[in-house]
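J.: Let's see this in three dimensions:
(2 chains)
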Number of protein chains: 2
Amino acid sequence: MTDLLSASDDALARAVFNSDGLLPAVIQQWDTGEVLMLGWMNREALRRTLSEGRVTFWSRSRQEFWRKGDTSGHAQYVKSAALDCDADTLLVQADQVGAACHTGARTCFDGRGIDVVTGTRPEAEAAADPTSTDPASADEPKD
Amino acid sequence: MTDLLSASDDALARAVFNSDGLLPAVIQQWDTGEVLMLGWMNREALRRTLSEGRVTFWSRSRQEFWRKGDTSGHAQYVKSAALDCDADTLLVQADQVGAACHTGARTCFDGRGIDVVTGTRPEAEAAADPTSTDPASADEPKD
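T.: Numbering: from 1, shown residues only, chains lettered A, B, ... in the order given. Have a look, this model is predicted:
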């Protein structure tokens, strides 16, 4: 338990928040891989999410904590979480009860597709091992 | 073609950007469901992403457009895109060549898991139809 608390404390200390004190949290259904929604967390919302087994956001519009499901019953149970390479984005794998979206849709993106021009990787790239990396990747700056 | 351009134009008009003129874009591998990374787009980066078949971000640190893969070769080919329910977050399903992360990792979250307290839905909820919605869901404010 000491190790667990230490790990969360480390994440809380490392997490990078924007000028409003928030970071974006991507919530993904742990078993299907669906991206359910993106919400925002301040440090306390992050602490609660990492320690309570339930996802808590900070509501920007209402300026209050928002534990998902307390009003709707559509809770998000935390399965795992990760901070990205520069620690300014959180990914939460969760078990979503019912609808993630306040509209009643399963995800906040359902039925909201945009017509786009699609792209396809050149055959040479497709033939290469997609998991391979090359030294040049380290040269690409992040964000 | 006219319809396609109109649909993109509509998305560009509807998209909601923050006070810095940016919106978060979640990039997901279209076939495996992996969440690869989160980047930021201004309106022009969004326009390019929707119309060029390749993902383009706005680099906050360098203050310049950043078409993923131009330096590293690790391009993101757009398969589909959606704006969320309040049009302030983009989800892009893409085909990632090689590593999404500038560190050379496949995703920006790989190996960056945090020890968390996990949660499990009560049995009664688990037994219910997970796709069902109830009227209360409409009462839950978004963000």
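J.: secondary structure class for the spatially most central residue of chain A?
T.: When Cα atoms, centre = their mean is applied to chain A, the residue found nearest the centroid is residue A:26 (2.0 Å). Here residue A:26 is recorded as strand under DSSP: H, G, I helix; E, B strand; the rest coil.
J.: Against residue A:39, how distant is it?
T.: 9 Å (Cβ to Cβ, to the nearest Å). Quick note: C-beta positions are derived from backbone N, CA and C, even for glycine.
J.: who touches residue A:39 in this structure?
T.: By Cβ atoms under 8 Å, 6 or more residues apart in numbering or on different chains, the contact set of residue A:39 is A:24, A:25, A:27, A:55, A:57, A:66, A:68, B:143.
J.: measure it to residue B:62 for me?
T.: In terms of Cβ to Cβ, residue A:39 sits 27 Å off from residue B:62.
J.: same question, residue A:95
T.: 38 Å.
J.: Settle it for me: which of these two has more neighbours?
T.: residue A:95 (19 against 10; other Cβ atoms under 10 Å in any protein chain shown).
J.: thinking again about what came up before, the residue nearest to the centre of chain A is in contact with residue A:94, isn't it?
T.: No: applying Cβ atoms under 8 Å as the test, residue A:26 and residue A:94 come out as separate, 10.2 Å apart.
J.: And the helices in chain A?
T.: A:2-14, A:43-52, A:123-127 (DSSP state H).
J.: and stretch A:60-69, how far apart are its ends?
T.: 17 Å (Cα to Cα, to the nearest Å).
J.: And for stretch A:97-111?
T.: 19 Å.
J.: Now that stretch: buried residues?
T.: A:97-110 (16 or more other Cβ atoms under 10 Å in any protein chain shown).
J.: and what of stretch A:45-55?
T.: A:45, A:46, A:47, A:48, A:49, A:50, A:51, A:53, A:54, A:55.
J.: Could you check how far the closest residue to residue A:21 other than its chain neighbours is from chain B?
T.: Excluding the flanking residues, the one nearest residue A:21 by Cβ to Cβ, 6 or more residues apart in numbering or on different chains is residue A:42, at 5.0 Å. As judged by Cβ to the nearest Cβ, to the nearest Å, residue A:42 and chain B stand 13 Å apart.
J.: re the thing from before, what's the spacing between the residue nearest to the centre of chain A and chain B?
T.: Residue A:26 is 5 Å from chain B, by Cβ to the nearest Cβ.
J.: How about residue A:97?
T.: 5 Å.
J.: And for residue A:21?
T.: Distance from residue A:21 to chain B, by Cβ to the nearest Cβ: 14 Å.
J.: Quick check: phi and psi at that residue.
T.: phi 80, psi 20 (degrees, to the nearest 10).
J.: got a list of what residue A:122 touches?
T.: With Cβ under 8 Å, 6+ apart, residue A:122 has no contacts at all.
J.: where along chain A do the strands fall?
T.: Assigned by DSSP state E, the strands in chain A fall at A:23-29, A:35-41, A:56-59, A:64-67, A:76-83, A:90-96, A:113-114.
J.: where's the dip in pLDDT among the contacts of residue A:39?
T.: By pLDDT, residue B:143 ranks lowest within the contacts of residue A:39, coming in at 67.
J.: what sits against residue A:24?
T.: Residue A:24 touches A:38, A:39, A:40, A:89, A:90, B:24, B:38, B:89, counting by Cβ under 8 Å, 6+ apart.
J.: What separation is there between the closest residue in space to the fifth one that isn't next to it in sequence and residue A:111?
T.: So that's residue A:90. Nearest non-adjacent residue to residue A:90, counting by Cβ to Cβ, 6+ apart: residue A:25, 4.2 Å away. Taking Cβ to Cβ as the criterion, residue A:25 is separated from residue A:111 by 23 Å.
J.: wait, which of the strands of chain A is closest to residue B:116?
T.: strand A:76-83 (5.0 Å; Cβ to Cβ).
J.: quick check: mean pLDDT across that closest one?
T.: 98.
J.: wait, what's in contact with the residue nearest to the centre of chain A?
T.: Taking Cβ under 8 Å, 6+ apart, one finds A:35, A:38, A:89, A:90, A:91, A:92, B:26, B:35, B:38 in contact with residue A:26.
J.: Can you read off the pLDDT for it?
T.: 98.
J.: can you pull up the bridge partners for it?
T.: residue A:38, residue A:91 (DSSP bridges).
J.: what does residue A:57 give?
T.: residue A:66.
J.: what about chain A, any weak spots by pLDDT?
T.: A:1-7, A:124-143 (pLDDT under 70).
J.: I appreciate the help and will end here.
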